[in-house]
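Undergrad: Quick one, what's the 3D model for this:
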Amino acid sequence: MKNNYQKVSAIIVAAGESQRMEGIDKVLAPLGGRPLLLQSARAFQEYPEVSQIVLVVNSENENKCRHLVAQDKWSKVTDVCLGGKRRQDSVAAGLSHLSPCDWVIIHDGARPFVTADLIKNGLEAAEETGAAIAAVPVTDTIKLAGDDRTVMGTPPRHNLWAVQTPQVFRFDIITEAYRMAKGDVTDDASLVEQLGHKVKIYMGSYGNIKITTPDDLALAEVLWSKHGS
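TA: Below you'll find the model as predicted:
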């Protein structure tokens, strides 16, 4: 990041109910000998430009996560707060617990393979427009289908990107986006787009997987044994 004097904050969102994990609480599931949430947050704790981290969790895990943070002595975690029913409610809660800052990085607590380079590249990309998201080009052919699963079209694959986190925003832009939020969205950039702000895509990583199912967790264990530390 060019302006290293600017204050950068991170929100790690992990307030979901793990509905597709067949009874496994993915937030606290072990990965590389540590809870998955801590692995997802570690890169932000270690990244020098990040000065504060807010973890957003559900009520069942709040006390457990506070204990984990205290046990590991993570100095940058300023709060562990409760999320809401929707992901956007959880992010809004995290934003309300931040102290004043210039940039906000929002990251899924179920993406444990985030790296320092992904954080760095996101901050640099966001300087151009005030908003940037990690994404990777889609490698499969995508079909548009109706409610009856009849194919309605095949969009050009070269224009399609699979969105990931981190997503990086100027503080004033993302707070305005949440203040003016309308309807349900699946990622933070959608709210920024609603305001008419340009959002820059920067190259994510195919290894930056999101843990959603038990199979994802099993794959993550294999990847961690090869590339984790």
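Undergrad: and residue 122, how many neighbours?
TA: 25 (other C-beta atoms under 10 Å). C-beta here means a position set from N, CA and C on the backbone, and glycine is covered the same way.
Undergrad: quick one: it and residue 169 touch, right?
TA: No. Judged on C-beta atoms under 8 Å, residue 122 makes no contact with residue 169 at a distance of 9.7 Å.
Undergrad: contact partners of the longest strand seen in the chain?
TA: Identified as the longest strand of the chain according to DSSP state E is strand 161-170. Under the criterion C-beta atoms under 8 Å, 6 or more residues apart in numbering, residues 102-108, 111, 114, 118-119, 122-123, 125-126, 130-138, 177, 187-189, 192, 201, 204-205, 208, 210 lie in contact with strand 161-170.
Undergrad: Take those and keep only those in strands.
TA: Filtering the contacts of strand 161-170 for strands - DSSP E - leaves 103-108, 131-137, 201.
Undergrad: Now neighbour count too, for these, in TSV please.
TA: Below are the ones in strands among the contacts of strand 161-170 laid out as TSV (neighbours: other C-beta atoms under 10 Å):
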residue	neighbour count
103	24
104	26
105	26
106	25
107	26
108	22
131	24
132	26
133	26
134	26
135	20
136	16
137	14
201	15
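Undergrad: could you dump those to JSON lines with distance to residue 225 and pLDDT?
TA: Shown next, in JSON lines, are the ones in strands among the contacts of strand 161-170 (distance: C-beta to C-beta, whole Å; pLDDT from 0 to 100):
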{"residue": "103", "distance to residue 225": "34", "pLDDT": "98"}
{"residue": "104", "distance to residue 225": "33", "pLDDT": "98"}
{"residue": "105", "distance to residue 225": "27", "pLDDT": "98"}
{"residue": "106", "distance to residue 225": "28", "pLDDT": "98"}
{"residue": "107", "distance to residue 225": "23", "pLDDT": "98"}
{"residue": "108", "distance to residue 225": "22", "pLDDT": "96"}
{"residue": "131", "distance to residue 225": "35", "pLDDT": "98"}
{"residue": "132", "distance to residue 225": "31", "pLDDT": "98"}
{"residue": "133", "distance to residue 225": "29", "pLDDT": "98"}
{"residue": "134", "distance to residue 225": "24", "pLDDT": "98"}
{"residue": "135", "distance to residue 225": "27", "pLDDT": "98"}
{"residue": "136", "distance to residue 225": "23", "pLDDT": "98"}
{"residue": "137", "distance to residue 225": "27", "pLDDT": "97"}
{"residue": "201", "distance to residue 225": "31", "pLDDT": "98"}
